[in-house]
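**Student:** got a predicted model here, sequence first, then my questions.
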There are 2 protein chains.
Amino acid sequence: MVDKEEYREKIILTASTIFSHYGFRKTTMDEISRALKKGKSSIYYYFGSKEEIFEAVVLHEANQLRSRLTKAIKEVDSPPDKLRNYIYVRMKEFAKLSNYYNAVFDKNLDHFDFIEKIRSRYDREELAILRLLVYVGNNRGVFAVENSEYTAMAIQTMLKGMEVPLFWRKREIDINDRLEAILSLIFNGILKKEEGLLLYG
Amino acid sequence: MVDKEEYREKIILTASTIFSHYGFRKTTMDEISRALKKGKSSIYYYFGSKEEIFEAVVLHEANQLRSRLTKAIKEVDSPPDKLRNYIYVRMKEFAKLSNYYNAVFDKNLDHFDFIEKIRSRYDREELAILRLLVYVGNNRGVFAVENSEYTAMAIQTMLKGMEVPLFWRKREIDINDRLEAILSLIFNGILKKEEGLLLYG
DNA sequence: GAATTTCCGACCCGATTGGTCCACTTGATT
DNA sequence: AATCAAGTGGACCAATCGGGTCGGAAATTC
């Protein structure tokens, strides 16, 4: 009773690994319950449906992502490093989440409106973060952009470009190259020329 | 007509990526055919059944494995390097194959006798390779073992230990540590003491 | 333009699976 | 020890899924 919430979390954690591996569709309640060493029906004592579990898992994963990204920003100090770190971690984390994407983009599974909610909310948060990063960098004189808002939106647009599955269907080395290219583009377009050429000549 | 065999290979390649990702059970014929941009029934023109495709895929994968391993041996010259390279590549390749293992060890799917055939044949080949490696190393005076045959079998036994899923359920770094430990054990037990202590003091 | 190769939509039917029901343990409380 | 709520899981159901078939339509070859 006191640990019901606790066990819900355990379910979330377990289901998370399975979902991330096989996606929503291919993951069965039986697998989840077997992984938990419980009867299938017992799971329904904690969650009303498979979708409900999935919703909790996605929410949990979104929170994980948020905390990792804020950590990535706090780890370093200079705005270029912050931005670079942010983009890097974001890229790596999204790679891990690719299977959830499969689930999301799975046709006839578009009734997952909660994902859209999470997503749009996350988009706004990210935009705020980027705007702040650009703004601070601007103030410190290391960035030189006219409008932080628009620049942040532009960066976010590029970041979104890295989300499309096509981006990931290549070899590891290629991906790192592409990341470098994107970083270079952002920085050389954003940095005062002296520093920019220093970092990405 | 002339390219029927060719198209079979294309099917094998495509199916291979899906099988390796989801395993035999969770992979559907519909997915395979969709990935090939063909109707489901068309696939049956080239293969008689899902299992038949799987068999071809596993066989193909086994051949890939073999060629990569022989390449690993040829790349370097000294017997210790050959052995080391062989074990290293074998480890990496088996990691990639872990999903086929899931398929194989899937309960109620033990009627895949062809896998056992491939496997036992591969075991014999591997034993021959190891025996030769040990034998040559012995002749060159860099190994010092009494019986190449038995030593090869012992090494193979350790290698097999790395196949059990349990071995892989850990973090990357841990695995590399374990590999080092295994290599160290093999070499320090096999090398003439001077060289052995040189390489793995 | 017939013959042959290749493809596919529609269908079949057994297996799978999300979800329900209900009888049962368990363990705390009185 | 009797009660009761929390928690469990086996049996079951209805719907869907998915491997495989079939007849014939395209496409290609001769």
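**Tutor:** Arrived safely, thanks for sending.

**Student:** can you list the residues of chain A near DNA strand C?
**Tutor:** A:27-30, A:40-41, A:44, A:48-51 (Cβ under 7 Å from any atom of the strand). For every residue, glycine as well, the C-beta is placed using N, CA and C.

**Student:** gap between the most centrally placed residue in chain A and residue A:157?
**Tutor:** The residue lying closest to the centre of chain A (Cα atoms, centre = their mean) is residue A:94, at 4.7 Å. As judged by Cβ to Cβ, to the nearest Å, residue A:94 and residue A:157 stand 15 Å apart.

**Student:** buried only: go through the residues of chain A next to DNA strand C for me.
**Tutor:** A:27, A:29, A:50 (16 or more other Cβ atoms under 10 Å in any protein chain shown).

**Student:** tell me which of those fall in helices.
**Tutor:** A:29, A:50 (DSSP state H).

**Student:** let me see the mean pLDDT of the helix or strand containing residue A:34.
**Tutor:** According to DSSP states H and E, residue A:34 maps onto helix A:29-35. Averaged across helix A:29-35, the pLDDT comes to 95.

**Student:** quick check: which ranges of chain A have low pLDDT?
**Tutor:** A:1-2, A:103-111, A:164-175, A:189-201 (pLDDT under 70).

**Student:** ok, for the residue in it that DNA strand D sits nearest to, nearest residue in space, not its chain neighbours?
**Tutor:** Relative to DNA strand D, the nearest point of chain A is residue A:39 (2.4 Å; Cβ to the nearest atom of the strand). Using Cβ to Cβ, 6 or more residues apart in numbering or on different chains and skipping the chain neighbours, the partner closest in space to residue A:39 is residue A:33 (6.2 Å).

**Student:** with residue A:55 instead?
**Tutor:** residue A:114 (5.3 Å).

**Student:** got the buried residues for whatever helix or strand the one you found lives in?
**Tutor:** Taking DSSP H and E as the criterion, the element that holds residue A:114 is helix A:113-139. Buried positions in helix A:113-139, judged by neighbour count with 16+ other Cβ under 10 Å: A:115, A:118, A:126, A:129-131, A:133-135, A:137-138.

**Student:** then stretch A:5-20?
**Tutor:** A:11-12, A:14-16, A:18-20.

**Student:** next one: stretch A:144-160
**Tutor:** Those would be A:145, A:148, A:151-152, A:154-156, A:159, for stretch A:144-160 by 16+ other Cβ under 10 Å.

**Student:** from the residues you listed, pick the one nearest residue A:87.
**Tutor:** residue A:159 (6.8 Å; Cβ to Cβ).

**Student:** quick one: that closest one and residue A:90 touch, right?
**Tutor:** Yes - Residue A:159 is in contact with residue A:90 according to Cβ atoms under 8 Å; the separation is 6.5 Å.

**Student:** could you pull out the strands for chain A?
**Tutor:** Shown for chain A, no strands are assigned by DSSP state E.

**Student:** quick one on the thing from earlier: okay but the residue nearest to residue A:39 is in contact with residue A:43, surely?
**Tutor:** Yes - judged on Cβ under 8 Å, residue A:33 makes contact with residue A:43 at a distance of 5.0 Å.
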